[in-house]
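Chemist: Fold the following, please.
(one chain, ligands or ions: 2)
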Amino acid sequence: MTTRNITRFWEWGRKIICVGRNYADHAKELKNAIPTEPILFLKPPSAYVREGSSILVPLYSSNLHHEVELGVVIGKGGTAIPQSAAMEHVAGYALCLDMTARDVQDVCKSKGLPWTLAKAFNTSCPVSDFIPKERIPDPGNVKLWLKVNDQLRQNGCTSQMIFSIPYLISYISEFITLEEGDLILTGTPKGVSAVQEHDELQAGIEDVVTMTFRVDRQEQ
Ligand SMILES: O=C([O-])CC(=O)C(=O)O
Ligand SMILES: [Mg+2]
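Modeler: Ligands and ions are numbered 1, 2, ... in the order given. Below you'll find the model as predicted:
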């Protein structure tokens, strides 16, 4: 039997649970209301892409946006996890991008339809190396940044989150059982913008990790 290694959690086929509008400055830049409870959506494990492979612009989108986010990797599953125990369920972190076909999302929003094709397409979840929990002692106060072709576009801090990581783990696990290897994307700060074929995206968690991805057009 092969043993699975949490440091390669993206190979486990577990779910990716995303939190939307968790930073007031980003909710405002897209003219959305500040949420009073977390907004959740999902990406399938086929969304993962690792450094060395490209982010592909879906054929049906002409406005693909980057969203840099802190990812929380679940180490111990659970249902209805109390906030006070939430951090015991965390194995570590990853820097993630929530790639979003903004034009498709805008249409879905206006029609009241789900965001699936805007958010869950192949390569919509670029992910860094696994970051063990000990390397981020205070996940509620880490700086995230993202550059497109060397120009800084996003520069935020997880201290600006509306709902904290323990709150999110507790809230999500009330409705969706968390399993070892699941990933929670905790939302993006302001500065989202469009990327084009041949762009280079670089993102980082200050003093912890950086990653680089190229954007390509999906082949016809
Ligand atoms: O598409 C959006 O703006 C919602 C979202 O994922 C986020 O705030 O991170
Ligand atoms: Mg997002």
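Chemist: From here on, just use CA atoms for contacts and neighbour counts.
Modeler: Noted.
Chemist: Output the below-cut-off pLDDT ranges for this protein.
Modeler: Scanning the chain for pLDDT under 70 picks out the ranges 1-2.
Chemist: Who are the contact partners of the residue nearest the centre of the chain?
Modeler: Central residue of the chain (CA atoms, centre = their mean): Leu185, 3.6 Å from the mean position. Shown in contact with Leu185 (CA atoms under 8 Å, 6 or more residues apart in numbering): Ile16, Ile17, Cys18, Val19, Glu69, Leu70, Gly71, Val72, Cys96, Asp98.
Chemist: Could you list which of these also contact ligand 2?
Modeler: Checking the contacts of Leu185 against ligand 2 by CA under 5 Å from the ion, the ones in range are Asp98.
Chemist: of the contacts of Leu185, closest to Lys43?
Modeler: Closest approach between the contacts of Leu185 and Lys43, by CA to CA: Ile16, at 5.2 Å.
Chemist: Just list what the helix or strand harbouring Leu56 packs against, helices and strands only.
Modeler: Per DSSP states H and E, Leu56 falls inside strand 55-57. If you count contacts as 3 or more CA pairs under 8 Å, 6 or more residues apart in numbering; DSSP states H and E, strand 55-57 packs onto strand 209-217.
Chemist: and the strand it packs on, how far from the chain's centre?
Modeler: Distance, stretch centre to chain centre, for strand 209-217: 14 Å (CA atoms, centre = their mean, to the nearest Å).
Chemist: same check, this time on stretch 73-87
Modeler: 19 Å.
Chemist: rewinding a little: how much space separates the residue nearest to the centre of the chain from ligand 2?
Modeler: 7 Å (CA to the ion, to the nearest Å).
Chemist: Look up phi and psi at that residue.
Modeler: phi -90, psi 120 (degrees, to the nearest 10).
Chemist: What residues does this protein have near ligand 1?
Modeler: Neighbours of ligand 1 within the chain, by CA under 6 Å from any ligand atom: Gly20, Arg21, Asn22, Gly187, Thr188.
Chemist: So the second one is in contact with Lys31, correct?
Modeler: This points to Arg21. No: Arg21 lies out of contact with Lys31 (CA atoms under 8 Å); the separation is 10.6 Å.
Chemist: Among these two, which residue is more densely surrounded?
Modeler: Taking other CA atoms under 10 Å, Arg21 and Lys31 do not tie; Arg21 has more neighbours (26 against 9).
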